[in-house]
Every structure is written in C-alpha cells, then in structure tokens.
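>>> model the following, please.
(2 chains)
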Amino acid sequence: MDNTAAIFANRNFKIKSINAKKFALWLFIVSICMLFAGLTSAYIVKKSDGRWLQFEMPDMFLYSTLVLVLSSIVMHLTYLKAKNNSLKAVKIGIASTAVIALVFFYMQYLSWVQLVAQDIFLVGNPSGSFVYIFSGLHLAHLIGGMVFLLVIFLDTINYKVHSKSMLAIEMCTTYWHFLGGLWIYLYLFLVMSN
Amino acid sequence: MSITDIQVTDELVHDDDHHEEHHEQSFIFKYIFSTDHKTIAKQFLITGIFWAMIGGGLSIIFRLQLGFPDMDMGFLQPFLGDWISNAGKLDPEFYLAMITMHGTIMVFFVLTAGLSGTFSNYLIPLQVGARDMASGFMNLLSYWFFFLSSVIMFVSMFLSTGPASGGWTIYPPLSALPQAMSGSGMGMTLWLVSMVFFIASTLLGGINYITTVINLRTEGMTFRRMPLTIWAFFITAVLGLLSFPVLVACVLLLVFDRSFGTSFYLSEIFIGGEALPNLGGSPILFQHLFWFLGHPEVYIVILPALGITSEVISTNSRKPIFGYTAMIGSILAIAFLSFIVWAHHMFITGMNPFLGSIFMFLTLIIAIPSAVKAFNYITTLWKGNLVFTPAMLFSIGLVSFFISGGLTGLFLGNAAIDINLHDTYFVVAHFHLVMGSAAFFGLLAGVYHWFPKMFGRMMDEKLGYIHFWLTFVGVYLVFFPLHYIGIAGFPRRYYSFTNFDAFSSFVDLNSFVTVAAFITFGAQFIFLFNFFYNIFKGKKAPLNPWNSNTLEWTTPRVPEHGNWPGEIPKVYRWPYDYSKPGAKDDFIPQTVPYHQTKESNTDFENEESKKE
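The predicted model follows:
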C-alpha cells in the first residue's frame, strides 16, 4: 500500500450539514437563477425603454407548461419508487419522464411555429427575440437535465440506485423540479408582462 | 429484494476500495491532468504569470506610442509585423486592439484566474484542513477550461484582422458590428468564445471553493476561526457565482446580435450612409448587464488580495489582526454593496439625475467598509514587531495603493465630478492604483509568502527587496502623473494627442510616465528569475518559515496528494494568536489546544479548555 492509499484509507472528510455534491448542485442552480434573473431584468429594462412590440403569447406555451409539470410529478413518483426499491418502476419512471420531456421539446417547437404565424420572429423587435431566447435557453438547460436522466437510468440498470443509494436520483429530481419551476417562472413572467 | 440490495451495496463499497488502492499517478495525471488542488493552483499561477507578462508587454508598447508619438517603431516589426507601417508607425487600429487585450488579460486572466485560481485553490484546502477540494474533477475542468479560453484569446491576437478592439468592456454597437472596425470581426468572435470558457472555468472553480469551505472544514474550524484569507476567497467565490452568470446573459444577447441579426443592443444605426435593419434595441441595456458583472468583478479582483494581505500583515507584525470581526463584516459589506452600485459606471449615459444620485450615495457608502479595512491594516502594523519580508513589503505596498487609489474613488463616485472626469486618464490612474496595482501586489505578496509551501524552497530575499522597491516606486511614478493628465482632460483610449494644442505642455509628463513604466516592467524580470530559479535551486525551506499559525504550515515540507500524511489536524483556536501575553513563543498555531497553553489563556479560554 503506497502512501497516498494510506492517506485515503483513513481520510476523514467531515460532512457538516449537507452532502458536498448536493450543495454544489444548489450552487449551480443559484448561478442559473442569476443567469435568468439577468435576462428577465434586461427584459424589464428594455420594455421600459419603449419601442416595444406587444403581442399575444401562443396558447401552446400554456399546454407545454402543463406537460412539464406532469413530467415533474412523474419524476417525483419515480424518486419515491426508488426509496421503496421498486427498481423496475424506477426505470419506467425515468424513461417516461424523458419521453414527456421530449413531448415538451416538441410543444415548445410548436409554440415557436405559432409565434412565427403571428409574425414574431427571432430577428425583429427585442420583445419577440426575448421569448425565443428565454424558451431556447431553458431548453438548453433541459438537455442537461436529459443527460442527467440518462446517467441515473444507466445507474439504475447497474443497481446503483436504490433506497441506500439515493444521492444521484435525489439530485436529478431536485434539478428536474428546478427546471420545471424555472419554466413556470419564465412563462408567468412573459404572460404577465405582455 | 432487500437481500439483493445489501449485496449490491457491499459490492459497491468493495469496488470503491479497490479503486483507491491503485491510486498511483503517472506523470500526465500528476502534473498535467491533475486533480490535486496544489498542482492546479501552480498551473493557474504559472499561466497567470505568462499572461501578466503578455499584458504588461502590451502596455509597454502602447506606452511607447503615448510617450514618444514621433518615435520610429520599426524595431518592433519582427514582433508586430504589418501592425507597424513601413514608416515605423504603430497601426491605430492595433493600438485599440492592444489596450483591449491589455484590459481583458489583466482583469480576467491575471487578476481573476491568476489570483483567485492560484490562491483559492492552494490555500482553501490547506487552511481549512481538507484533503483536497470537494470535487477534484471539477477543479481539473476549471483549469482546463481556463487553459482553453487562454489559447483562444492568445490565438485571436494573431489574426490578420486583429483581436477584439472595442475596449475590455466591449460596448456595442462598436463590438456588435463587424463593419464598424476590423477588430469587431473574427477577433471579437474569438473574444466571446474565449470568455464563455473563462466563465465556465470561474463558475466551476467558484462552486468548488464555496462547497469546500462550507463542507470540508476540519474539526474545530468554525467560521469564527477561519483565517481572513479563506473568508476573502469564500466571499469572492460567492460574488463570482452571482455575477458571472449575468455576464453570460449579457454576452449571449451580444452573440445573438452579432451572429443572428437580433436587435437587443442595436437600433437606428447608419454605417457609411447605409441604414442597418436593426430597430428597437438599446446599447444602454448592454451597459447595465455588463456592469452588473463588471462592478462585482473589481471586488472579485481586490478581495482575495486583501485577504492575503490580512494574513501576511498579521503574521509579520507578530500581532493579531486588528478587528477580526470588523474585517469579516467589511468583506461582507463590500460584497453586498458591490451589487447595487453598477450604474456609477454609467453616469453620463443620460440616466435620470435622481437615479444617479441614489447610485452616487450607495457608491460613497463603500468608502466605509474600505476605510475600516485600511484602518485595521494600519492599526495591526502599529507598534508591531515588524518583520520586513518581501511579502510584508508588498502587503504594505498594497495598503498604500488601496488608500491613495481609493481616495480618488470618492471623486469619481460623485456624479457631478464624474461627468467631467469620465473616460479620462484620471479614471485610468484611479483603477490602476486601487484595483490593478493593489491586487497585483496582493498576488506578489501571496507568491512570496507561500512560495516555501508551494515548492518547498525559499525565494531570494534581496532580489525580493529590489523587486519591491523598483515596482513600488515605479507604480507611483507611472500612475500619479496620470491624475494630472486626466484632470487636464486627456481622454483615455486615444491613439495620439499630437493634434491638440492644449495637450502639448504635457508631452514631457507622458514621456516620463513611459520611462517609469519601462523600469516597472523591467523590474518584473527580477521576479521571474527569482521565481523560476528558486523553484529548482532555492534553499530548502523550513517547515514554518514565517512562524505562522495557520494549518498549511503543519504539513510536510512538500505536501503529497492528501496534504497531511496522518490524521487531519484539529483546530482549537483562531489563527491570530501572535505575541499573546504570557505565551512562551510569539505565536501559537491553531492546532495547539487551550489546555497546553495555561500560561496565556484568558478566563474564557480556560473554560473552553475543559471541553477539549
């Protein structure tokens, strides 16, 4: 046993309050919040500046929001299943969350199509551009969430997710709920300021 | 089900052990793709030194242009090629490119990555008593994103159209329209790409620093016993975490304006008599977003330097830091205020004067915590048994710059005076002293102070003294005259002033500044020699060369991966027990329990010792 191994054998990483990885995830979430806080305040500043084009938000955004809420519910049930060690249900749960997320992707695309039908393009008055940026950037973060889902799906197949090893799925659930909450915030923000 | 489950768990545990027993490091993983915080810190340091020489070198070239506008710069043709015309003149566009690169490099690559990257990485685990960062892998990514960002920025300087040239603040519409200037083409694109990687690096690093400070402190290391260095790095990382994402938002919209034709920042622009299609945007929006990062950024630069100074001054005054709690309070106050003063960079954008006076008021409040810090440094030095190591001299130099540069902040923070002084050399003098030179001195103090721990060898003190005096005097000779030049009305970023009769009486002063800049820059080569030579040939360092209290000096001379060979030491006291009345030595390390120091304990500490 070499020296390094000896060090790591009796390492005493003290966990004071919260698991370090979970805490890091929360910090990551804080930084995403700041990103969108920056963008939405830019929206407010720009709007108050005038030369602002008002338009109706596509209905599809409302339906897609509901779909994303549904995915969050499924994810949460999956998390509870993992606590009960029903691994088969966990696999189905993760897969369905991912499928619902894909539906959400498609519905966001349809919302864009509706926007285009309203003559609101990415290029044009910033009031329209912001909608594309908000929804697009949210989808970019959702891709990260999908990768996370894939990782815990593989973990589940390899029996690494169960009642005594909940960290990964817990973090994934947290992130997934966050993405849901983020979109609800963006949706309400856009609807209320239009 | 549960039986399977337990077997699975056992297997996993076994698997982990198995992995750790074979924890051998090949050369590549030990020195290049290392996850060890000490190696990563050295990588940040050496990359930072490289960038500092490039950034400093650029400033020397444009100082030549400013000090000696009639000079024949033909001798620079081997380095700058076509940027020097055949008549020996510097290309005006390249002048703008150089000031832009100088600012970008110094603010981000040297004083953010080089300073926080080096010392947060190096000192956080060592001073809080952790084996390594919370996530070694994220730390590795942090450095290599920075490296990638560095490579991209470096490459951009060799483009035939030149690197980004719109100033380090990259204000649109200049930066948004490739047809506006040659540097706003490919150079600007690479600048943006490079900064995206840079921000990713900073966020990965910052998340790690915060997590490590919160989660991995050793037993007894309460927040009230943390060295001020750690407090400073911790709050710096929080600032970065909150402000850099806003820069992402800002840059993202700029990327869309540049590459996809949106109009977030652009409206009603004519170029060459031709109207652009963009309507409805606002360049002021960019400034709001940019300075919401930009202002905290100056504290991201200066706070670590102040933290290092606190530690170095206390150690070398052989006195506890004066006002430990006030020091923490002032760090927190500065951090908080830094988010609500950004518009003082924008007084002349036509903002509502009432709004301007609110931002002015908030800005001037920063003087209070800053003065608390300056006061506490001076009172720590007062009647101390001062040990003038090079690190101590650089720390005192920092305090000097922080005060003399901070005073002019009071002028610039006043909206009424700022209208006159905005974008003049007065501003240049102000921030180069209070932020640039002060933070740079903090960086150097840190290198001199922790070099023995980093490389297990000592730097040469005499060379350190020569380096200090030349740099200290040089910095004042460079930046003090700039105040006068600024008050006289010289706008910053101008290529040449020879066309203005009013400025002709300042030609000599400008030449003087350039000569001083040469001496200051030249002195840095003494440091370079001292640094690189002594990594290999220096005198072997004792375990605790400065008789310091903090945990890093309880490690072996050259700490291995994992930092302490045995148990992580426990902490029993705060880090500033210097010259405690009654104690047999003039320092008591944090690892010494109270029950071993009966002779110097206060009543309260005697009570504490019963609990140990």
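>>> use CA for all of it now, contacts and neighbours both
OK.
>>> show me what counts as buried in whichever strand or helix holds B:Phe401.
Element membership for B:Phe401 (DSSP states H and E) is helix B:390-413. Buried residues in helix B:390-413, counted by 16 or more other Cα atoms under 10 Å in any protein chain shown: B:390-406, B:408-413.
>>> ok, B:Gly405 - contacts?
By Cα atoms under 8 Å, 6 or more residues apart in numbering or on different chains, the contact set of B:Gly405 is B:Ala429, B:His430, B:Phe431, B:His432, B:Leu433, B:Val434, B:Met435.
>>> the second one: what secondary structure?
If I follow you right, that is B:His430. helix (DSSP: H, G, I helix; E, B strand; the rest coil).
>>> before we move on, the earlier item: please list only the buried members of the contacts of B:Gly405.
B:Ala429, B:His430, B:Phe431, B:His432, B:Leu433, B:Val434, B:Met435.
>>> pLDDT score for the third one?
pLDDT recorded at B:Phe431 is 96.
>>> doesn't B:Asp70 make contact with B:His87?
For the record, residue B:87 is Ala, not His. No. The criterion here is Cα atoms under 8 Å, and B:Ala87 misses it with B:Asp70 at 10.7 Å.
>>> tell me which of those two has more neighbours.
Ranked by neighbour count (other Cα atoms under 10 Å in any protein chain shown), B:Ala87 and B:Asp70 place B:Asp70 first, with 13 against 9.
>>> torsion angles phi and psi at that one?
Backbone geometry at B:Asp70, expressed as degrees, to the nearest 10, gives phi -90, psi 0.
>>> mind listing the helices for chain A?
Counting by DSSP state H, one finds helices in chain A at the ranges A:3-9, A:20-48, A:60-83, A:87-117, A:126-157, A:167-193.
>>> what is the mean pLDDT for the longest one?
When you say that, I think you mean helix A:126-157. 95.
>>> now do the same contact list for the closest residue to B:Leu126 other than its chain neighbours.
Using Cα to Cα, 6 or more residues apart in numbering or on different chains and skipping the chain neighbours, the partner closest in space to B:Leu126 is B:Glu552 (4.9 Å). B:Glu552 sits next to B:Leu123, B:Leu126, B:Gln127, B:Gly129, B:Lys453 when contact means Cα under 8 Å, 6+ apart.
>>> over to B:Arg224?
Contact partners of B:Arg224, counting by Cα under 8 Å, 6+ apart, are B:Trp574.
>>> A:Leu139 is in contact with A:Phe105, isn't it?
Yes. Distance between A:Leu139 and A:Phe105: 7.2 Å, which falls inside the contact criterion (Cα under 8 Å).
>>> one step back: so which of the contacts of B:Glu552 are in helices?
B:Leu123, B:Leu126, B:Gln127, B:Lys453.
>>> burial count for the residue nearest to the third one when sequence neighbours are not counted?
The shortest distance from B:Gln127 to any residue that is not its chain neighbour, by Cα to Cα, 6+ apart, is 5.1 Å, and that residue is B:Leu551. Burial of B:Leu551 is recorded as 22 neighbouring residues (other Cα under 10 Å).
>>> please apply the same query to B:Asn606.
Burial measure for B:Asn606: 16 neighbouring residues, criterion other Cα under 10 Å.
>>> the one 3 residues further on now?
For B:Ser609, the number of neighbouring residues by other Cα under 10 Å comes to 17.
>>> still on that earlier bit, check contacts around the residue nearest to B:Gln127.
So B:Leu551 contacts B:Leu126, B:Gln127, B:Val128, B:Gly129, B:Pro569, B:Pro589, B:Gln590, B:Thr591 (Cα under 8 Å, 6+ apart).
>>> may I have the phi/psi pair for it?
Here is the backbone geometry of B:Leu551 (degrees, to the nearest 10): phi -70, psi -30.
>>> which residues of chain B fall in strands?
Counting by DSSP state E, chain B has these strands, from start to end: B:270-271, B:274-275.
>>> check which residues of stretch B:164-181 are buried.
Here stretch B:164-181 shows B:164-178, B:181 as buried, counting by 16+ other Cα under 10 Å.
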